[in-house]
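Enquirer: With the input below, show me the fold.
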Amino acid sequence: MGLFGSKKEGGIMDVIRCDQSDYLIWKWSPSGEPSRKMNAIRYGSRLRVKEGEVAVFVYDKEGGMDFIEGFKDEVIKTANFPILSSIVGAAFGGASPFQAEVFFINRAGTIRLPFFVRNITLTEPEQQRLTVPATVKGSITFNIQDYRAFISKYQMAGYSMDDLSEQIREMLIRYVKNAVTNAPFQLGIPVVQIERGIDQISEYVQSRIVGPMADDYAINVRRIDISDISLDSTSPGYQALMKQGMAQADILSNQFAATSIATSQNILDQQRIASENLEESMRINREETQRRQRLSTEDAYIRAHQINVQGEVARTAAESLGMMGATLGDGGSGGMNPAGMMAGMMMGGAVGSNMAGMMGSMMQNVAQPQAPTPPPAATTQYFVVVNGAQAGPYSDAQIRQMIGAGQLNKTSYIWKQGMAAWDVLGSLAEFADAFGAVPPPIPPVPPVPPVPPTL
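Expert: Here you go, the predicted structure:
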């Protein structure tokens, strides 16, 4: 949009109007072209002001102004032009024409004014000896909010809109140059990455320039757009900064790789140690179970051997008793003694029956399978964070020792198998008693009852 347009209508001043569709301020003149000369306007001409427009009549000799807001379409009369009424009556004595300049202001219009800034020198805060030339392109968008303040500030008579545009552009260039030059210092944007801060720099310039533009030129800045910041890539400063940046990037990359490797190795070592501890615990449990089973089998063998020995002794005793009974019965004559034989058989049978009962009981105990001794429960393994590093695994007893030694507290992080994530030690119920119980408040001391008086 142009700051003001040109009127090609020409002709007699019968109708004063603005035929421009894209403008902010437009000056009307009888010839249809902008002019610095005063205009002779015939009294009784028709004025047409569209909706959203303001027509301003500036009377040079008296310094007065008439403001006519649209929509208006009527003949110029002293009744609707207060300043004109006094001028016609006093200065011109009612004669026609009268002298005035006419400006049309588009109240809803905006101006987009481009700017171009060359030879901006950029430096890094720590490398000020390395300079990089830069070029900035952009635009400023503004409008007129208070047209009365704008007209009153410039009085409009003989004022050039091109001059106003140039003044606005000069102020904007000064602010943009200052903002871009100081961006590495005030905004922390590296020189070689200055284009990444275009939006940030635009907002910074806009925040700084709104007030001065309103005070100095009575305009409202709606937007500052920096579209491009070009660095001179052929300059020695740019080349040196790029080499330094690449070297720093390599150093950071190597440091990151080394840290990643160390972290991964630490995790693998922790996992390996935990796996070895778990395997060792399982091996000890397995050996203990096998030892118990072996002892149970050996005990069964010993009992069976005792039974065999006791049976042999009983059998021998029975035979001896039988022979003794036979000898006693026949009186030493060698003949058959039925009574002695019966006594020997009875005694042998009793002993045999007793031994048979013992054998049956022992065999029943051996035949019945013994309930296997349950293996000892696997000890829970805990991992903790000590001085910012993972440590462990530790048993329940070791954790309690570390709590007693002050190495761990309620806010220390801990993890065991089955937990979804690390948690603080104070949240685990199995260690709640390790921190000691807090005694309840001391009860109030009861008052001492009064002593009754002695009668």
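
Enquirer: Show me what counts as buried in the lengthiest strand in the chain.
Expert: If you go by DSSP state E, the chain has its longest strand at strand 127-143. For strand 127-143, the buried set under the neighbour-count rule, 16 or more other C-beta atoms under 10 Å, comprises Leu130, Thr131, Val132, Pro133, Ala134, Val136, Gly138, Ser139, Ile140, Phe142. For glycine as for every other residue, the C-beta is placed from the backbone atoms N, C-alpha and C.

Enquirer: Format the residues you listed as JSON lines; extra columns: pLDDT and distance to Arg283.
Expert: Listed next are those as JSON lines, based on pLDDT from 0 to 100; distance: C-beta to C-beta, whole Å:
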{"residue": "Leu130", "pLDDT": "86", "distance to Arg283": "66"}
{"residue": "Thr131", "pLDDT": "89", "distance to Arg283": "72"}
{"residue": "Val132", "pLDDT": "91", "distance to Arg283": "69"}
{"residue": "Pro133", "pLDDT": "91", "distance to Arg283": "74"}
{"residue": "Ala134", "pLDDT": "92", "distance to Arg283": "72"}
{"residue": "Val136", "pLDDT": "95", "distance to Arg283": "74"}
{"residue": "Gly138", "pLDDT": "94", "distance to Arg283": "76"}
{"residue": "Ser139", "pLDDT": "93", "distance to Arg283": "79"}
{"residue": "Ile140", "pLDDT": "91", "distance to Arg283": "81"}
{"residue": "Phe142", "pLDDT": "89", "distance to Arg283": "84"}
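
Enquirer: what's the closest of the residues you listed to Ser230?
Expert: Nearest to Ser230 among the buried residues of strand 127-143 is Ala134, at 6.5 Å by C-beta to C-beta.

Enquirer: Now Ala218: phi and psi?
Expert: phi 60, psi 40 (degrees, to the nearest 10).

Enquirer: so it sits right up against Phe150, yeah?
Expert: Yes - counting by C-beta atoms under 8 Å, Ala218 does reach Phe150; the two are 4.3 Å apart.

Enquirer: Which neighbours do those two have in common?
Expert: Ile144 (C-beta atoms under 8 Å, 6 or more residues apart in numbering).

Enquirer: how about the residue nearest to Ala214 when sequence neighbours are not counted, what does it touch?
Expert: Once flanking residues are discounted, Ala214 sits nearest to Asn220: 6.6 Å by C-beta to C-beta, 6 or more residues apart in numbering. Asn220 sits next to Phe142, Asn143, Ile144, Gln145, Met213, Ala214 when contact means C-beta under 8 Å, 6+ apart.

Enquirer: In a markdown table, list these along with distance to Arg196.
Expert: Formatted as a markdown table, the contacts of Asn220 follow (distance: C-beta to C-beta, whole Å):
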| residue | distance to Arg196 |
| --- | --- |
| Phe142 | 27 |
| Asn143 | 30 |
| Ile144 | 35 |
| Gln145 | 34 |
| Met213 | 27 |
| Ala214 | 31 |
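
Enquirer: Where is pLDDT lowest across these?
Expert: pLDDT is lowest at Gln145 among the contacts of Asn220; the value there is 80.

Enquirer: and it, what does it touch?
Expert: Asn220.

Enquirer: can you list the domain ranges for this protein.
Expert: As given by automatic domain parsing, the domain ranges for the chain are 15-106, 111-232, 242-367, 382-435.

Enquirer: possible to save those as a markdown table with distance to Ile442?
Expert: Formatted as a markdown table, the domains of the chain follow (distance: least, C-beta to C-beta, whole Å):
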| stretch | distance to Ile442 |
| --- | --- |
| domain 15-106 | 82 |
| domain 111-232 | 58 |
| domain 242-367 | 47 |
| domain 382-435 | 21 |
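
Enquirer: can you tell me which of these the model trusts least?
Expert: Per-stretch mean pLDDT for the domains of the chain is lowest at domain 242-367 (a mean of 68).

Enquirer: would you list every one of the helices in the stretch 1-150 of the chain?
Expert: Listed in chain order, the helices of the stretch 1-150 of the chain (DSSP state H, counting those that start in this stretch) span residues 82-90, 147-154.

Enquirer: ok, Pro82 touching Asp66?
Expert: Yes - using C-beta under 8 Å, Pro82 makes contact with Asp66 at a distance of 6.7 Å.

Enquirer: which one of those two has more residues nearby?
Expert: More crowded of Pro82 and Asp66, by other C-beta atoms under 10 Å: Asp66, with 19 against 11.

Enquirer: The more buried one: what's it in contact with?
Expert: Neighbours of Asp66 in contact, by C-beta under 8 Å, 6+ apart: Val56, Phe57, Tyr59, Phe81, Pro82, Ile83, Leu84.

Enquirer: Report the buried members of the residues you listed.
Expert: Using 16+ other C-beta under 10 Å, the buried ones in those are Val56, Phe57, Tyr59, Phe81, Ile83, Leu84.

Enquirer: quick one, strands of the stretch 201-350 of the chain?
Expert: Using DSSP state E, counting those that start in this stretch, the strands assigned to the stretch 201-350 of the chain run over residues 220-231.
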